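Enquirer: need the 3D shape of this:
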Amino acid sequence: MEPISLRTPLALLLISLGAIAAVWWWLATPITLARAPIDPNAKLLCVSYAPFRDAQTPLDPTTQIAAEQIAQDLAELAKITDCVRTYSIENGLDQVPGLAAKVGLKVIQGVWLGSNRLKNQIQIATAVRLAKDYPGVITALVVGNEVLLRGEMTTSDLAANIRAVKAQVSVPVTYADVWEFWLKNREVYDAVDFVTIHILPYWEDMPVKAKFAAGHVDSIRKRMAVAFPGKEILIGETGWPSAGRMREGALPSRSNQARIVSEILDLAKSEGFRVNLIEAYDQPWKRQLEGTVGGYWGLFNSVKREVKYPPGVAISNYPAWKWQLGCGMGLSFLTFGAAWLTLRRRPWTPRLASWIAVGVAATTAGILLGIATDKMLYESYGIGGWIKWGALLAAAMASPLLCAHALMAGRPLPTFLELLGPPEFRNRSWLTALLALTLGVTTLIGAETALGFTFDPRYRDFPFASLTMAVVPFALLTLLNRPKEGVRPIAEFVFAGLLAAAAVYTGLNEGADNWQSLWSCAMYVLLALTLWRARAVQIRE
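Expert: A predicted model of the protein is given here:
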């Protein structure tokens, strides 16, 4: 029996490594585009610019960006665009026109309006002064950005502000908002020199899939041209996020962002319309308002300030895939190693099903480790975020190793009673306690995210990768090594019901096109079934 016992895990290990390699080869396949998103030989018409880096945020009124920092950014942007659009004159942004003049950039100057009338007048006065001081640099003033969308000003007040600014400057004056709000507030059209609309396929009430995004932008532009035939229409914001959660069928990714930007720029060139991309640099502070996806609309990353898609470089969703592949194979190897070492300490011939379960757990973890790590790096924001997603990833890496040991040792999945219950239920094995802790961390974070998708889902990320790595080994262990007797613990029963109910609601609420949601919900259900099948056995001395 010994040769057969040796050949079986080795064969399963080779199958696992082969599957991991095949999946990562497929995931990392780069895309090719007819037009590079960033091409120094074909500069962008204009791009939205905000200078905030790292922990800098306009949400803190004391934030003041140094001129040197803005100058560095504008020098880089001058290589890829002829113009930048700003949104405010606060936090040091009033320095942009003067610094832009030094590198040959034009500026579409923003005037931020809100519910505070005094601040509005300060913004307007400063913007008017800048327009007079830099007549060859500032090409237009945008009086208000989505203030109607936010409900912070009436249409009549907005129109009055626009007319007041027009009376003081010689450059064109406009207002910028989501395209639907132009149709709802036609009074603004009469006040502006040209119409500035925002078309963001990802954020539409009915989110648009990436493959249809460019066509959607063009169709909305043409619809607005029919609705407002007398004035030019500028697409003041359009683009796509490179990371974050799905909205129905709209998937943020590096390749989708590159493809959509490329297609929109091609349309703008062939049909002769002006377009401003959002945005120049990723803005981490937006994640506080819009979740992960809010921070990843930039053409440059926020940390290294490097172009995401350099000309001539293949565009892949996983540019570091070789490292991710190697780490995944390493975790698979360690999982088989944990099973084998357990047998060395307790020599017996396990069932074939146990080795197959080890292989499935090892392969699942090996494939998803790179994705889960990538998601943790992108999605962790603030100390709380790093702790939560770091803890879930740690549990996801520990689960296949600990469950492999339990499968080979013939032990069941421990219950919470073995970790926190009365002495008669506690197991003295530290590996069992560690497995119970891993299950507890997974369950708590799983329940927290499931409740989040039930009550406040809009900006939350789906933890499908780490959750799958952790839950699949638990389910396999419960399937094969479940105690035949024992009581159903109340904690597991409550968590099982909560997870199952939240999964059903989330799946229906997010829709059938959102595979991230469906995958996460499937893992919630699998974890619920695993917890529901749990049985606590009193340990006798």
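
Enquirer: excluding its backbone neighbours, what's nearest the residue nearest in space to the middle of the chain?
Expert: Nearest to the geometric centre of the chain sits G244, at 1.3 Å (Cα atoms, centre = their mean). Spatial nearest neighbour of G244, excluding adjacent residues (Cβ to Cβ, 6 or more residues apart in numbering): V293 at 2.6 Å. No exception for glycine: its C-beta is placed from N, CA and C like everyone else's.

Enquirer: list the contacts of that neighbour.
Expert: By Cβ atoms under 8 Å, 6 or more residues apart in numbering, V293 lies in contact with 202, 241, 243-245, 252, 459.

Enquirer: and it, how far from R460?
Expert: The gap separating V293 from R460 is 10 Å, by Cβ to Cβ, to the nearest Å.

Enquirer: shared neighbours of the two, anything?
Expert: Counting by Cβ under 8 Å, 6+ apart, the contacts common to V293 and R460 are R245.

Enquirer: nearest residue to L99 in space, please, no chain neighbours.
Expert: A71 (5.0 Å).

Enquirer: tell me, how many neighbours does the one you found end up with?
Expert: 18 (other Cβ atoms under 10 Å).

Enquirer: next: the one 4 residues further on.
Expert: A75 sits with 13 neighbouring residues when counted by other Cβ under 10 Å.

Enquirer: the stretch 151-300 of the chain: helices as residue ranges?
Expert: All helices of the stretch 151-300 of the chain, identified by DSSP state H, counting those that start in this stretch, fall at 155-166, 179-184, 186-191, 210-227, 254-271, 287-290.

Enquirer: okay, now the unreliable bits of the chain?
Expert: 1-6, 347-348, 421-427, 538-541 (pLDDT under 70).

Enquirer: ok, back up a step: distance of the residue nearest to G244 from R247?
Expert: Distance of V293 to R247, given as Cβ to Cβ: 8 Å.

Enquirer: what do the two both touch?
Expert: Y202.

Enquirer: what's the closest non-adjacent residue to P483?
Expert: R535 (4.6 Å).

Enquirer: isn't the one you found right up against E492?
Expert: No. When contacts are counted by Cβ atoms under 8 Å, R535 is not listed as touching E492 (9.1 Å).

Enquirer: these two - which one has more neighbours?
Expert: Using other Cβ under 10 Å as the criterion, R535 and E492 rank with E492 on top: 23 against 17.

Enquirer: thinking again about what came up before, hmm, L105 and the residue nearest to L99 touching each other?
Expert: No. With contact defined as Cβ under 8 Å, A71 and L105 do not form a contacting pair (11.1 Å).

Enquirer: still on that earlier bit, S399: which of the contacts of V293 is nearest?
Expert: Using Cβ to Cβ, R245 comes nearest to S399 of the contacts of V293, at 23.4 Å.

Enquirer: just give the nearest non-adjacent residue to the closest one, would you?
Expert: Nearest one to R245, counting by Cβ to Cβ, 6+ apart, is D461 at 4.8 Å.

Enquirer: pretty sure that neighbour is in a strand, no?
Expert: No. Counting by DSSP: H, G, I helix; E, B strand; the rest coil, D461 is not part of a strand but coil.

Enquirer: what about it, neighbour count?
Expert: D461, neighbours per other Cβ under 10 Å, totals 25.

Enquirer: bridging residues for L141?
Expert: For L141, the beta-bridge partners are Q109, V173 (DSSP bridges).

Enquirer: surely it meets Y134?
Expert: No. In this structure L141 lies outside contact range of Y134 using Cβ under 8 Å: 11.5 Å.

Enquirer: so what's the residue nearest to T155 when sequence neighbours are not counted up against?
Expert: Among residues not flanking T155 along the chain, N185 sits closest, at 4.6 Å (Cβ to Cβ, 6+ apart). Counting by Cβ under 8 Å, 6+ apart, N185 touches 148, 155, 158, 177.

Enquirer: next SSE downstream of the host helix or strand of L444?
Expert: Under the criterion of DSSP states H and E, L444 resides in helix 430-455. Next in sequence after helix 430-455, counting helices and strands by DSSP H and E, comes helix 464-481.

Enquirer: in the stretch 301-450 of the chain, which spans are helices?
Expert: So, for the stretch 301-450 of the chain - with DSSP H, counting those that start in this stretch - the helices run 321-345, 352-379, 382-409, 417-420, 430-455.

Enquirer: quick check: which of the ones you listed is buried the most?
Expert: Each of the helices of the stretch 301-450 of the chain was scored by mean neighbour count; the highest is helix 352-379, a mean of 23, by mean count of other Cβ atoms under 10 Å.

Enquirer: and that helix with helix 321-345, angle?
Expert: 140 degrees (axes from the mean of the first three to the mean of the last three Cα atoms, to 10 degrees).

Enquirer: run the angle between helix 352-379 and helix 382-409 for me.
Expert: Orientation of helix 352-379 against helix 382-409 (the same axes, to 10 degrees) gives an angle of 170 degrees.

Enquirer: for L130, see how far away the residue nearest to V195 when sequence neighbours are not counted is.
Expert: Leaving out its chain neighbours, the residue that sits closest to V195 by Cβ to Cβ, 6+ apart is I233, at 4.8 Å. The gap separating I233 from L130 is 25 Å, by Cβ to Cβ.

Enquirer: these two: who's more crowded?
Expert: Neighbour count, other Cβ under 10 Å: between I233 and L130, L130 has more, with 24 against 21.

Enquirer: what packs against the strand or helix carrying the more buried one?
Expert: Using DSSP H and E, L130 sits in helix 117-133. Here helix 117-133 touches helix 96-103, strand 106-111, strand 138-145, helix 155-166, going by 3 or more Cβ pairs under 8 Å, 6 or more residues apart in numbering; DSSP states H and E.

Enquirer: now do 6 Å
Expert: For helix 117-133, the elements it packs on are strand 106-111, strand 138-145, judged by 3 or more Cβ pairs under 6 Å, 6 or more residues apart in numbering; DSSP states H and E.
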